[in-house]
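S.K.: just the structure for this:
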Amino acid sequence: MATPLDKPIKRELEIDGKPYMVTVSPEGVKVVEKGKRKGHELSWSALVSGDAALAAGLRASLDALPPRKGGGA
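M.R.: Alright, predicted model coming up:
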């Protein structure tokens, strides 16, 4: 039987030579560069519903677009 996740678990992880803190909690998972406050957070419901994959695909497609000229909105 697995142990229930009832409180946050923090672990340090190195990615491309930079240290990150990974927090796994009942709400979801959060990855923050060590020493920083803001990072990337993903709820479990977004992960299992596929919203996370959809958001990643949208971000990748927007990053592939050429920059807009003129700066108007």
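
S.K.: isn't there a strand covering Lys10?
M.R.: Yes - judged by DSSP: H, G, I helix; E, B strand; the rest coil, Lys10 forms part of a strand.

S.K.: is it in a bridge, and if so with what?
M.R.: Thr23 (DSSP bridges).

S.K.: surely it meets Thr23?
M.R.: Yes - the criterion here is Cβ atoms under 8 Å, and Lys10 meets it with Thr23 at 5.1 Å. Where C-beta positions appear, they are placed from N, C-alpha and C, glycine not excepted.

S.K.: more crowded one of those two?
M.R.: Thr23 (16 against 11; other Cβ atoms under 10 Å).

S.K.: wait, what's in contact with the more buried one?
M.R.: Pro8, Ile9, Lys10, Val29, Lys30, Val31, Val32 (Cβ atoms under 8 Å, 6 or more residues apart in numbering).

S.K.: shaky segments in this structure?
M.R.: Within the chain, the stretches with pLDDT under 70 are 70-73.

S.K.: ok, which stretches of it are helices?
M.R.: With helices called from DSSP state H, the chain shows them at 44-49, 51-64.

S.K.: just the CA trace of the longest one, in CSV.
M.R.: In CSV, the C-alpha atoms belonging to helix 51-64 read as follows (Å, rounded to 0.1, in the frame of the first residue of the first chain):
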residue,chain,number,x,y,z
ASP,A,51,-4.7,21.0,-19.6
ALA,A,52,-1.0,21.0,-18.9
ALA,A,53,-0.2,19.4,-22.2
LEU,A,54,-2.5,21.9,-24.0
ALA,A,55,-0.8,24.8,-22.3
ALA,A,56,2.7,23.6,-23.2
GLY,A,57,1.6,23.1,-26.8
LEU,A,58,0.1,26.6,-26.9
ARG,A,59,3.3,28.1,-25.4
ALA,A,60,5.5,26.3,-27.9
SER,A,61,3.4,27.5,-30.8
LEU,A,62,3.4,31.1,-29.6
ASP,A,63,7.2,31.0,-29.0
ALA,A,64,7.6,29.8,-32.7
